[in-house]
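Participant: Pasting a predicted model and its sequence here:
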Amino acid sequence: MKQFLVKVIASGVLGFAVLGISMAQGVTKTVKTDAIKIEGAYTRATAPGQQVAGGFMKIDNKGNTTDQLLSASSPAAGEVQLHEMTMDGNVMKMRQVKDIAVPAGGSVELKPGGYHLMFLNLKGPFAAGQTVPVKLKFAKAGELEVKLPVNEVGAQHSH
Ligand SMILES: [Cu+2]
């Protein structure tokens with residue numbers, strides 16, 4: 001995990017350096033599988049040599065029972081983990097979580113500084129304008145696929 005932290009800080013600095021470049025918000029993809037709906041999914045362009053990337057989206061649960069995001073996978077990465085980012089004093093830390101609950105009739109947001117997907121061992125760089133396919137596995141809704149547009153690294157980069 002310490003290894004991640006170093007890369008996170010490095011990419012945060014890089015994000016800051018390109019603050020002047022406007023964010024390409026990308027296409028908002030909406031995927032519906034019964035109760036679960038994915039909105040505003042995206043990932044970010046990687047810097048040269050960067051082996052990890054975060055994935056972000058809002059997960060809506062229109063159903064009347066709580067669901068859980070259990071796992072994720074992508075052909076673009078060796079592994080996709082579910083992560084949570086928290087502040088420990090004034091140090092940002094990431095940890096892997098077993099699942100991410102999506103409350104009945106509610107939603108959970110995967111966003112910088114909170115829950116996110118973590119792409120590890122990238123098969124290649126993520127370039128702005130591409131899309132990264134991800135398969136999400138939910139306890140109740142089952143599997144659904146979503147395509148994450150790759151955005152430019154922007155000012156919001158706090159990863
Ligand atoms: Cu992470």
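Facilitator: Yep, it's here. Numbering: from 1, shown residues only.

Participant: I'd like to know how many residues surround the nearest residue to Lys62 once chain neighbours are set aside.
Facilitator: Closest residue in space to Lys62, ignoring its immediate chain neighbours: Ala35 at 4.9 Å, by CB to CB, 6 or more residues apart in numbering. In this view, the C-beta of every residue, glycine as well, is placed from N, C-alpha and C. Burial of Ala35, expressed as a neighbour count using other CB atoms under 10 Å, amounts to 18.

Participant: my guess is Ala35 meets Ala139, correct?
Facilitator: No. Using CB atoms under 8 Å, Ala35 is not in contact with Ala139, being 11.6 Å away.

Participant: Show me whatever sits in contact with both of the two.
Facilitator: By CB atoms under 8 Å, 6 or more residues apart in numbering, Ala35 and Ala139 have these common neighbours: Asp67.

Participant: Could you pull out the strands in this protein for me?
Facilitator: Using DSSP state E, the strands of the chain run over 31-33, 36-44, 53-61, 67-73, 77-88, 91-96, 100-102, 107-110, 115-122, 131-138, 142-151.

Participant: Tell me what Lys37 is bridged to.
Facilitator: Beta-bridge partners of Lys37, counted by DSSP bridges, are Lys32, Asp60.

Participant: Oh, that last question was meant for Leu144, not what I typed.
Facilitator: Residues in a beta bridge with Leu144, per DSSP bridges, are Leu136.

Participant: Enumerate the residues of the chain near the ion.
Facilitator: Residues of the chain found near the ion (CB under 5 Å from the ion) are His83, Met94, Met118.

Participant: mind checking the end-to-end distance for stretch 62-80?
Facilitator: 25 Å (CA to CA, to the nearest Å).

Participant: in it, what counts as buried?
Facilitator: By neighbour count with 16 or more other CB atoms under 10 Å, stretch 62-80 contains the buried residues Asp67, Gln68, Leu69, Ser71, Ala72, Ser73, Ser74, Ala76, Ala77, Val80.

Participant: ditto for stretch 126-138
Facilitator: Counting neighbours by 16+ other CB under 10 Å, stretch 126-138 gives Phe126, Ala128, Gln130, Thr131, Val132, Val134, Leu136, Phe138 as buried.
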